[in-house]
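Engineer: Following is a predicted model, sequence given first.
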Amino acid sequence: MSAESLILFFIVAVVLVGGAIIFSALAAPKSSNLQKFEPYECGIPTKGITWLQFNVGYYLFAILFLVFDVETVFVFPWAVVMREVGMTAFVEIIIFFFILVLGLGYAWKKHALVWE
Amino acid sequence: MEFSIYDFTSFTKSLDKLLNENMSSFWATSIEMLLIGVGILAFYALVGLFLVYAERKVCAFIQNRVGPNRVGPYGIIQTIADLFKLLMKELIPIKNADKLLFNIAPFIVIIASFLAIAAIPFAKGLHAIDFNIGIFYVIAVSSMGVIGVLLAGWSSNNKYSLIGAMRSGAQIVSYELSVGLSLITMVIFAGSMQFSVIVEAQRDGWFLFRGHIPAIIAFVVYLIACTAETNRGPFDLAEAESELTAGYHVEYSGIKFAFFFLAEYMNMFIVASIAATVFLGGWMPLHVGGFSGFNHVMDFIPPFFWYIGKTFFIIFIMMLFKWTFPRLRIDQLLTLEWKYLLPINLVNVVLMALIVLNGWHF
């Protein structure tokens, strides 16, 4: 099977979820009640809007992740040919990781890895 | 001994030939597509239902209970009954929720796990698509699931689910790195990202045993990281029942909730089967050098059962993690990843490169 057949898996997934939701919507009983559609917050009426500002820490980790994730993408092709290229590849990855570790060390020193 | 009787390649080829001889190529392709679609759907549902049952039984035995035992012998039909119950439940539209995102989220988590399953080799010749970038592909599509989780939390108009989604996002993206790097370690060793090549290379010994210390470190790191990536205990901060009720899917009801639940178990199955394929030899039987009689006996067990056995062994370990360790706090979680696992992994990659370079492996 070729990579185009991935579309098949996509369709099967959509059919599974969509079909089940449609079936459920048709088969399930329905009732209406004023309080039923309120968000569930342990019985206490919700206050204010939900889409608030949240802790900036999540954002910092997302940025750090981006740096390392792009690096992972670069390392994958290197890993495949590592055995054939040999010593040159090894020296290159040492340099590559050195630059990365500098970045991680900087973030560590700046207390970006500490959750507040 | 070759796996001639258990080789699915000949079976699929003959089926393809039969269909192409009897009808036009369009219809033959359509029927093949239909067969694969139905097969994958059935497999997906079966594994999902079985895993939910297995989790409840394992959890029960760890907590010295009996677990589900009323519906069917040993309660094996319990999850099917639960499925029908969830199908018959009302889908409650939440007031002021973002309707579009709220409804798209379950689709995304299920699609991500379906796409990942497409590349997994179950036995020789029994895989939907054999990519030459298999490992990379699975990592890429399975991380799409986090989008669904974030959308679900954000669109629910509920503060618990917002917090749960944010935690889940930070956690999944962080541990994604460790999963990627520990698999890179094994890619260096195998010299390929194609699953069939990786499995074939483990004919004489699994990578876990052949790859020296870096392989073992990578295996342990992978187990920790993939437990975290699938949002399972002790890393289940995203749904922490005691503080956030259910986290990102608190507002989902009926079958929509069931899909989040199912996706969680299928993600566990996917990461476990990758661990089984990359570290434990996939569908290759256990061979011990020198014991040819033992090796022949092992060859008689079909590869599919080897694969399933290894996968469920890893899943069992992950279930033990969930029911025996207390939940971490978010600062401990992020410290573990960024200050321990990531540096260890970087050193491990270099170590593995050194070992491959000098031929120190077996």
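Structural biologist: That came in fine, so what should we check first? Numbers count the residues shown, from 1 in each chain, chains lettered A, B, ... in the order given.

Engineer: in the helix or strand where B:V349 lies, what counts as buried?
Structural biologist: Using DSSP states H and E, B:V349 sits in helix B:342-358. For helix B:342-358, the neighbour count (16 or more other Cβ atoms under 10 Å in any protein chain shown) marks B:342, B:344-346, B:348-353, B:355-357 as buried. C-betas here are computed from N, CA, C, even on glycine.

Engineer: same question, stretch B:16-33
Structural biologist: Of all the residues in stretch B:16-33, those buried under the rule 16+ other Cβ under 10 Å are B:L19, B:A28, B:E32, B:M33.

Engineer: List the contacts of the residue nearest the centre of chain A.
Structural biologist: Closest to where the C-alpha atoms of chain A average out (Cα atoms, centre = their mean) is A:A62, at 9.1 Å. Counting by Cβ atoms under 8 Å, 6 or more residues apart in numbering or on different chains, A:A62 touches B:G169, B:A170, B:V173.

Engineer: where's B:I270 relative to chain A, distance?
Structural biologist: Relative to chain A, B:I270 is positioned 13 Å away (Cβ to the nearest Cβ, to the nearest Å).

Engineer: Surely that residue is within a helix?
Structural biologist: Yes. Counting by DSSP: H, G, I helix; E, B strand; the rest coil, B:I270 falls inside a helix.

Engineer: List the buried residues for the helix or strand containing B:A275?
Structural biologist: Element membership for B:A275, per DSSP H and E: helix B:254-278. Buried residues in helix B:254-278, counting neighbours by 16+ other Cβ under 10 Å, are found at B:254-278.

Engineer: OK, contacts around residue 15?
Structural biologist: Because you didn't say which chain, this covers chain A. Contacts of A:V15 (Cβ under 8 Å, 6+ apart): none.

Engineer: looking at chain B here, not the other one
Structural biologist: B:E32.

Engineer: Recalculate using a threshold of 10 Å.
Structural biologist: B:A28, B:I31, B:E32, B:L35 (Cβ atoms under 10 Å, 6 or more residues apart in numbering or on different chains).

Engineer: can I assume B:L183 is in contact with B:A218?
Structural biologist: Yes. Counting by Cβ atoms under 10 Å, B:A218 is a contact partner of B:L183 at 7.8 Å.

Engineer: Identify the residues contacting A:W78.
Structural biologist: When contacts are counted by Cβ under 10 Å, 6+ apart, A:W78 touches A:V85, A:A89, A:F90, A:E92, A:I93, A:F96, B:I184, B:V187, B:I188, B:V349, B:A353.

Engineer: now B:R203
Structural biologist: If you count contacts by Cβ under 10 Å, 6+ apart, B:R203 has them with B:G281, B:M284, B:P285, B:H287.

Engineer: Can you report how many residues neighbour the nearest residue to A:V75 once chain neighbours are set aside?
Structural biologist: Distances taken as Cβ to Cβ, 6 or more residues apart in numbering or on different chains put B:I184 closest to A:V75, at 5.5 Å, once the chain neighbours are dropped. Per other Cβ atoms under 10 Å in any protein chain shown, the neighbour tally for B:I184 reads 27.

Engineer: just B:I139 next, same as before
Structural biologist: For B:I139, the neighbour count with other Cβ under 10 Å is 23.

Engineer: Is any residue of whichever strand or helix holds it near chain A?
Structural biologist: Element membership for B:I139 (DSSP H and E) is helix B:134-142. Yes. Counting by Cβ under 10 Å from any Cβ of the partner chain, contacts between helix B:134-142 and chain A involve B:I135, B:F136, B:Y137, B:I139, B:A140, B:V141.

Engineer: In that helix, which residues are buried?
Structural biologist: Here helix B:134-142 shows B:G134, B:I135, B:F136, B:Y137, B:V138, B:I139, B:V141, B:S142 as buried, counting by 16+ other Cβ under 10 Å.

Engineer: which of the residues you listed lies closest to chain A?
Structural biologist: Of all the buried residues of helix B:134-142, the one with the least separation from chain A (Cβ to the nearest Cβ) is B:F136, at 5.4 Å.

Engineer: Is the closest one in contact with B:A116, as I believe?
Structural biologist: No. B:F136 is beyond contact range of B:A116, at 11.9 Å (criterion: Cβ under 10 Å).

Engineer: Around the closest residue to chain B within chain A, count how many other residues there are.
Structural biologist: Nearest to chain B, among the residues of chain A, is A:W115, at 3.4 Å (Cβ to the nearest Cβ). Residues within reach of A:W115, counting by other Cβ under 10 Å, total 18.

Engineer: where's it relative to B:W27, distance?
Structural biologist: To B:W27, A:W115 is 58 Å away according to Cβ to Cβ, to the nearest Å.

Engineer: Just name the shakiest helix or strand of chain B by mean pLDDT.
Structural biologist: Counting by mean pLDDT, DSSP states H and E, chain B has its least confident helix or strand at helix B:241-244, which shows a mean of 71.

Engineer: now that helix: how far from the chain's centre is it?
Structural biologist: Here helix B:241-244 is found 25 Å from its chain centre; the criterion is Cα atoms, centre = their mean, to the nearest Å.
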